[in-house]
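K.L.:
Kindly generate the corresponding structure for this input.
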Amino acid sequence: MDRGIDYGNLMHQAMRGLIREVMTRVEQDGLPGAHHFFITLNTHYPGVEMADWLRARYPDEITIVIQNWYENLTVDEAGFAVTLNFGNQPEPLYIPFDAISTFVDPSVEFGLKFETQLDDDDEDDDEDADDAELLHSEPEPPKAGEVVSLDKFRK
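P.N.:
Here you go, the predicted model:
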């Protein structure tokens with residue numbers, strides 16, 4: 001049965017594509033100016049690669065910071081690899097874009113938040129539906145960080 005246009009999923013894909021594009025630019029040119037990222041991810045998501053001790057310390061989610069010290073950033077269609085410093089111990093990570101729950105660049109007050117919710121309207125399919133929110137885009141004085149939820153556009 002045709003369920004119409006799945007705007008939530010399309011927005012989800014577009015926002016993940018935005019993260020991929022940003023990370024690709026950083027891979028090629030480095031972080032410009034004061035830009036830096038706080039990236040929260042689900043450590044149990046399939047494809048996340050990290051040291052066992054790090055996963056034991058952060059069993060559900062971890063927030064990584066890409067700012068002053070990072071190495072070996074490589075981006076592919078599905079995610080990115082990076083080496084970060086954890087207590088003076090360099091650790092390689094691989095993070096699928098779909099494992100990311102928040103992506104924030106506080107230098108420009110920009111953030112994306114992805115929430116997973118059960119789709120109650122679907123009787124045949126009990127997979128999680130991803131909802132994405134734009135936490136804040138370009139700063140617009142005098143507005144503060146405004147949350148735009150996709151739920152208000154749904155029937």
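
K.L.:
now residue 87: how far from residue 7?
P.N.:
Per Cβ to Cβ, to the nearest Å, residue 87 is found 43 Å from residue 7. The way it works is simple: take the backbone N, C-alpha and C, and place the C-beta from them, glycine included.

K.L.:
contacting residues for the residue positioned nearest the centre of the chain?
P.N.:
Centroid check for the chain by Cα atoms, centre = their mean gives residue 100 as the closest residue, at 3.4 Å. Residue 100 makes contact with 16, 19, 39-41, 114, according to Cβ atoms under 8 Å, 6 or more residues apart in numbering.

K.L.:
before we move on, what about residue 64?
P.N.:
Shown in contact with residue 64 (Cβ under 8 Å, 6+ apart): 38-39, 41, 82, 84, 93, 95.

K.L.:
after the longest helix that the chain contains, next one along is what?
P.N.:
The longest helix of the chain (DSSP state H) is helix 7-29. Once helix 7-29 ends, the next helix or strand along the chain (criterion: DSSP states H and E) is strand 37-42.

K.L.:
Who are the packing partners of that next one?
P.N.:
strand 61-66, strand 100-105 (3 or more Cβ pairs under 8 Å, 6 or more residues apart in numbering; DSSP states H and E).

K.L.:
what lines up beside the first one in the sheet?
P.N.:
Spelled out, it's strand 61-66. strand 37-42 (antiparallel) (DSSP bridges).

K.L.:
Roughly how far does the residue nearest to the centre of the chain sit from residue 5?
P.N.:
24 Å.

K.L.:
Residue 21 too?
P.N.:
Counting by Cβ to Cβ - residue 21 and residue 5 are separated by 23 Å.

K.L.:
For these two, indicate the residue with more neighbours.
P.N.:
The neighbour comparison of residue 21 against residue 5 (other Cβ atoms under 10 Å) goes to residue 21, with 11 against 8.

K.L.:
What backbone torsions are found at residue 52?
P.N.:
phi -60, psi -40 (degrees, to the nearest 10).

K.L.:
Show me just the buried residues among the contacts of residue 64.
P.N.:
Neighbour counting by 16 or more other Cβ atoms under 10 Å classes 39, 41, 82, 84, 93, 95 among the contacts of residue 64 as buried.
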